[in-house]
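>>> Kindly return the folded structure for what I paste below:
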Amino acid sequence: MDAPRTARARIRAELTREIKDEARRQLAAEGAPALSLRAVARQLGMVSSALYRYFASRDDLLTALIVDAYDAIGAAAEVADTSCPRDDFAGRWLAAGRGVRSWAIEHPHEYALVYGSPVPGYRAPEETVAPASRVTLVLCSIVAETNSSGRLEPPSDLPPLTTALRREAERIADAAMVGVPEHVVVRALVAWTQLFGMVSFELFGHFVNVVDDNEAFFDQALRLIGSFVGLPGLTDRP
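Next up is the predicted model:
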């Protein structure tokens, strides 16, 4: 690549970063529905027509912010998971969950963008699907590897699944939890929703005057939902 083209690429990358940083500041101050390309351009001292060369619409900018947020929280879960020995399934589960919560607390407005109320008039495109799946795939891999090691301990007294739910569990298992029993797949999905439900309740103030020690409550809940799935050794972990 020639030097002028490289310089242009660097300038474009830097301006793109500045645009997204300003958009995040506006998200924090005004909320996603109020995000405006014109307002972003004004704060950066740009004419709006110049900004449209980087993002063709407000929705394109929102998509970029959403992808960044999903990638960041996914990376937080992945890094936490890989910090543990591969056969320490309880430790991996706790680390990944704590990684999600820590990132959310540090980036509440970006978390709200992807796990809060939908932005009116915005429809997420296909390119957001893979980044949105990163945390889910970390949790699924922990469950699947626990199962393949022979150490999964699901309860035996489980209610039967409907035919439709069994089909859905089979489809999910084929995609992300190969070999995992159908009822465990369903329990893993429940655990996934509980993880983000707890984080959302904390961030959006639903635990006020109910739970004082959010960190201790979250850790205990992580153990409970991990045990619900059938992961071993969670009750005696620090």
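
>>> next one: stretch 32-40 to chain centre, how far?
24 Å (C-alpha atoms, centre = their mean, to the nearest Å).

>>> Sorry, slip of the keys, the one I care about is stretch 50-66.
Relative to its chain's centre, stretch 50-66 lies at 21 Å (C-alpha atoms, centre = their mean).

>>> Please measure how far the first residue of that stretch sits from its last one.
Length of stretch 50-66, first residue to last, C-alpha to C-alpha, to the nearest Å: 22 Å.

>>> Buried by neighbour count: which residues of that stretch qualify?
Of the residues in stretch 50-66, 51, 54-55, 58-59, 61-66 count as buried by neighbour count, 16 or more other C-beta atoms under 10 Å. All C-beta atoms are positioned from the backbone trio N, CA, C, and that covers glycine.

>>> Next: stretch 195-214.
Applying a neighbour-count criterion of 16+ other C-beta under 10 Å, one finds 195-196, 198-199, 201-203, 207, 214 buried in stretch 195-214.

>>> quick one on the thing from earlier: with pLDDT added, can I get the buried residues of stretch 50-66 in a markdown table?
Below are those laid out as a markdown table (pLDDT from 0 to 100):
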| residue | pLDDT |
| --- | --- |
| L51 | 88 |
| Y54 | 92 |
| F55 | 93 |
| R58 | 93 |
| D59 | 94 |
| L61 | 95 |
| L62 | 96 |
| T63 | 96 |
| A64 | 96 |
| L65 | 97 |
| I66 | 97 |
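
>>> Narrow the residues you listed to those in helices?
51, 58-59, 61-66 (DSSP state H).

>>> Any chance of TSV for the buried residues of stretch 195-214, columns secondary structure and pLDDT?
Below are the buried residues of stretch 195-214 laid out as TSV (DSSP: H, G, I helix; E, B strand; the rest coil; pLDDT from 0 to 100):
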residue	secondary structure	pLDDT
L195	helix	97
F196	helix	97
M198	helix	96
V199	helix	97
F201	helix	96
E202	helix	96
L203	helix	95
F207	coil	94
N214	helix	95
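
>>> For R166, state which of those is nearest.
R166 lies nearest to L195 out of those, by C-beta to C-beta, at 23.8 Å.

>>> can you tell me how far the closest one sits from L189?
Going from L195 to L189 by C-beta to C-beta, to the nearest Å gives 11 Å.

>>> can you check L165 too?
As judged by C-beta to C-beta, L165 and L189 stand 10 Å apart.

>>> Neighbour count: those two, which is higher?
More neighbours surround L189 than the other of L165 and L189, with 18 against 14 (other C-beta atoms under 10 Å).
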